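J.: mind folding the following:
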Amino acid sequence: MFQPGTLRQGVSQILACTVLALIGLLIPVLLLACGLGITLMMAVLTNRHTAVHALTVLVLSALLAVWFPGALDTVMILLQFGVLGLFYGLCFKNRVAHQKILGAGVVMALLLGGFSLAVAFLVTGQTPGEMTAAGVVTGDHPELFEQVAEITALLMPGSFIVSAIIVAWAGFFLTAGILRRLDYLRSPGPEFQRWRLPWPVIWVLIAGLALTLVGDQWAVYPLAVAGKNVLFVMVIALLLGGLTLAAYFHRALSGPRWLKLLVLVGFLVCWPFNLTVLALAGLVDTWIDCRAWYERRGDKR
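T.: Take a look at the predicted model:
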């Protein structure tokens, strides 16, 4: 598969993928960053060479990872993020419509995540909620374990969907950005600051509220659980929408760099309140398209 002149590069690529997966496994807080690094590598290799080349690197990385502790988890990390990168690389290479790429990316992330959870359950016999709760150090407070287990079980479906959305969403824009910088993406790419949720998602939010209220009012537990998971997913989606809107106004509004940096520091210091503001901004943006309103207002001046 690798030509003699590219053998050294191929070995470096295999080692890089394996090391990223191992770091993500050993340092959970870096899992998303390392996984997205694997996604980007697979997308770039697909565009620089072929999908077969990238797939070969991914398979050989998985075979190498088998020799390290936590082999199954490492291989699952390579599978989840690597296959998504292959998919994005192929789609951008063949100039598929951006909305279709992102939508299919979310579906693929859900399928890959579900497959990983299924494999983990078959091997360990533990459900995702049990595995998460087992990792909590409770000490002399057994009630903490019960609370964590209850919340984890309640929001497990929503958490699974949210994680897939974040991985697919971040991988999509990062892949587009890196391919454009490497000049592999010749057609206009998706603009992060222009992305917004379509307005019909408001009905999804309303449905989540209705299910939650009905379920809690008449003690219909399945409806209450479904509603709370829908609301959880929608809040994260609105946060992402608010983040892109904030990025747009950060570029559009004039002002000294130090002032923009001060605003960013203030956001990080008061992050709980500002996350609520971002979610509300994302909700408003789905309804009135704040970017178009701001640009029309500028044209009238």
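J.: ok, Trp203 to Ala210 distance?
T.: Spatial separation of Trp203 from Ala210 under the definition Cβ to Cβ, to the nearest Å is 10 Å. C-beta coordinates here come from the backbone N, C-alpha and C atoms, glycine included.
J.: looking at these two, which has the bigger crowd around it?
T.: Comparing Trp203 with Ala210 by neighbour count (other Cβ atoms under 10 Å), the higher total belongs to Ala210, at 13 against 9.
J.: name the nearest residue to the more buried one, sequence neighbours excluded.
T.: Closest residue in space to Ala210, ignoring its immediate chain neighbours: Gly227 at 7.1 Å, by Cβ to Cβ, 6 or more residues apart in numbering.
J.: how is the chain divided into domains?
T.: Taking automatic domain parsing as the domain assignment, the record places the domains of the chain at 1-190, 193-301.
J.: isn't Leu64 up against Ile14?
T.: Yes - the criterion here is Cβ atoms under 8 Å, and Leu64 meets it with Ile14 at 6.3 Å.
J.: test my guess that the residue nearest to Ala210 contacts Leu205.
T.: No - in this structure, Gly227 sits apart from Leu205 without contact. The criterion is Cβ under 8 Å, and the distance is 10.6 Å.
J.: would you mark the buried spots in stretch 271-281?
T.: Of the residues in stretch 271-281, those buried under the neighbour-count criterion (16 or more other Cβ atoms under 10 Å) are 274, 278-279, 281.
J.: can you put those residues in a markdown table and add secondary structure and distance to Ile161?
T.: Compiled in a markdown table, the buried residues of stretch 271-281 are given as follows (DSSP: H, G, I helix; E, B strand; the rest coil; distance: Cβ to Cβ, whole Å):
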| residue | secondary structure | distance to Ile161 |
| --- | --- | --- |
| Asn274 | helix | 24 |
| Leu278 | helix | 19 |
| Ala279 | helix | 17 |
| Ala281 | helix | 22 |
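J.: mind pulling the model confidence for His141?
T.: In the prediction, the pLDDT value recorded for His141 is 57.
J.: correction: Gly298
T.: Note on Gly298: pLDDT of 65.
J.: Pro128 too?
T.: Pro128 is assigned a pLDDT of 64 by the prediction.
J.: likewise the one 4 residues further on?
T.: Among the per-residue scores, Thr132 holds a pLDDT of 59.
J.: any idea how far the longest helix that the chain contains is from the chain center?
T.: For the chain, the helix reaching the highest residue count under DSSP state H is reported as helix 142-181. Distance, stretch centre to chain centre, for helix 142-181: 6 Å (Cα atoms, centre = their mean, to the nearest Å).
J.: what is that helix packed up against?
T.: Applying 3 or more Cβ pairs under 8 Å, 6 or more residues apart in numbering; DSSP states H and E, one finds that helix 142-181 contacts helix 31-48, helix 71-93, helix 98-124, helix 128-134, helix 221-252.
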